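**Student:** Just a sequence and a predicted model for now, questions to come.
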Amino acid sequence: MTMKNEFYTYRGYQIKQDEKLTVSMEDYLEMIYRICLNEGYTRINQLADNLNVKASSASKIVQKLAALGLVKYEKYSIIQLTEKGKDKGRYLLERHKTIEEFLNNIGVKKEMAFRDTELLEHHLSKETYERISAVNQFLKDNPDILEKIRSI
């Protein structure tokens, strides 16, 4: 009798995900959302500057996001989020903030916490994200425990 192994390679877990957004597309959508919070829209050059990429690269990803119905964009025009894009962008930004807060809570230095957040945020399940969020809330509600953790 053979048992099916539940282990997959990194790529195997990626294939199992039912998500159309790539890691890169998530980063772009999160940044578009961040910019649109203040200005209501963005432009390719502004987006590219904020992500430290070439405008041509930003344009390609924005076209893909538009094809998925997450942004409204016409060449040489502004980029605006659709309702679907706003919802997904809000989730991506909240996920980012939650993971960064968790890393700060456990004493990871600020510059490393930001870097590690960027690396981790795309690879967590929704359940893991929700548990991290619950731990953050618990630590907020119990500052004495938070202080003990940070002193380790």
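**Tutor:** Ah, there it is.
**Student:** quick one, what contacts the residue nearest to residue 150 when sequence neighbours are not counted?
**Tutor:** Nearest non-adjacent residue to residue 150, counting by Cβ to Cβ, 6 or more residues apart in numbering: residue 107, 4.9 Å away. To be clear about C-beta, it is placed using only N, CA and C from the backbone, and glycine gets the same treatment. Residues counted as contacts of residue 107 (Cβ atoms under 8 Å, 6 or more residues apart in numbering) are 149, 150, 152.
**Student:** Which of the residues you listed fall in helices?
**Tutor:** Those of these mapping onto helices are 149, 150, per DSSP state H.
**Student:** Without its sequence neighbours, what residue ends up closest to the residue nearest the centre of the chain?
**Tutor:** Central residue of the chain (Cα atoms, centre = their mean): residue 92, 4.1 Å from the mean position. Spatial nearest neighbour of residue 92, excluding adjacent residues (Cβ to Cβ, 6+ apart): residue 30 at 4.1 Å.
**Student:** what secondary structure does the one you found sit in?
**Tutor:** Here residue 30 is recorded as helix under DSSP: H, G, I helix; E, B strand; the rest coil.
**Student:** residue ranges of the strands in this protein, please?
**Tutor:** Applying DSSP state E to the chain gives strands spanning 71-73, 79-81.
**Student:** For the ones you listed, give me TSV that also has distance to residue 117.
**Tutor:** As requested, those are exported to TSV (distance: least, Cβ to Cβ, whole Å):
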stretch	distance to residue 117
strand 71-73	23
strand 79-81	22
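**Student:** Any idea which of these gets closest to residue 121?
**Tutor:** Ranking those by proximity to residue 121 (Cβ to Cβ) places strand 79-81 first, at 19.1 Å.
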